[in-house]
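*Asks:* sequence isn't available, so here's the structure alone:
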């Protein structure tokens, strides 16, 4: 059985859109306007500020992974984390699973946000699914527990 957490794809896409937007605005500013801008220093300052924001967002997005957890037939799990420029994969023994819990939190807008999280004995956590829908997370948790038992 395979469990996938694809939330990072949306963040990667958003970061690319922001960078393309800032690059387009920079190109428009460098190509010139009709007439002289009121303050070229102000325009340059705003563009620099936007570039810092875009690069910061891009760095944050690149640190987020798309996670796949495969329950292997012979026992154990294969946990694969894909980042934009690298992939990490590791085997996790069933004995290394400490708990599988539903974690409650809030998103940026204050709405409830849930994760079905596998906690490992080494202290690391693996989110099997993230959603605003608690029932979906509960269902994934239930199916995962059944698959590993």
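*Replies:* Great, that's in hand. What you are looking at is a predicted structure, and each value in this text was computed from that prediction instead of being measured. Residues are numbered from 1 along each chain as shown.
*Asks:* residue 115: what's it in contact with?
*Replies:* 102, 103, 105, 127, 128, 129, 130, 131, 137 (C-beta atoms under 8 Å, 6 or more residues apart in numbering). C-beta coordinates here come from the backbone N, C-alpha and C atoms, glycine included.
*Asks:* so which helix or strand takes in it?
*Replies:* strand 112-120 (DSSP states H and E).
*Asks:* report the strands that pair with that strand, each with its relative direction.
*Replies:* strand 97-106 (antiparallel), strand 125-131 (antiparallel) (DSSP bridges).
*Asks:* can I get those in TSV with distance to residue 71 and mean pLDDT?
*Replies:* Listed next are the strands paired with strand 112-120 as TSV, based on distance: least, C-beta to C-beta, whole Å; pLDDT from 0 to 100:
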stretch	distance to residue 71	mean pLDDT
strand 97-106	11	94
strand 125-131	11	95
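*Asks:* dump those strands into TSV; add distance to residue 63 as well.
*Replies:* Converted to TSV, these look like this (distance: least, C-beta to C-beta, whole Å):
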stretch	distance to residue 63
strand 97-106	18
strand 125-131	14
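*Asks:* between these, which gets nearest to residue 67?
*Replies:* strand 125-131 (6.2 Å; C-beta to C-beta).
*Asks:* show residues contacting that closest one.
*Replies:* Strand 125-131 is contacted by residues 3, 5, 7, 67, 69, 79, 100, 113-120, 136-137, 140-141, 144 when judged by C-beta under 8 Å, 6+ apart.
*Asks:* from these, which would you call buried?
*Replies:* 3, 5, 7, 67, 69, 79, 100, 113-120, 137, 140-141, 144 (16 or more other C-beta atoms under 10 Å).
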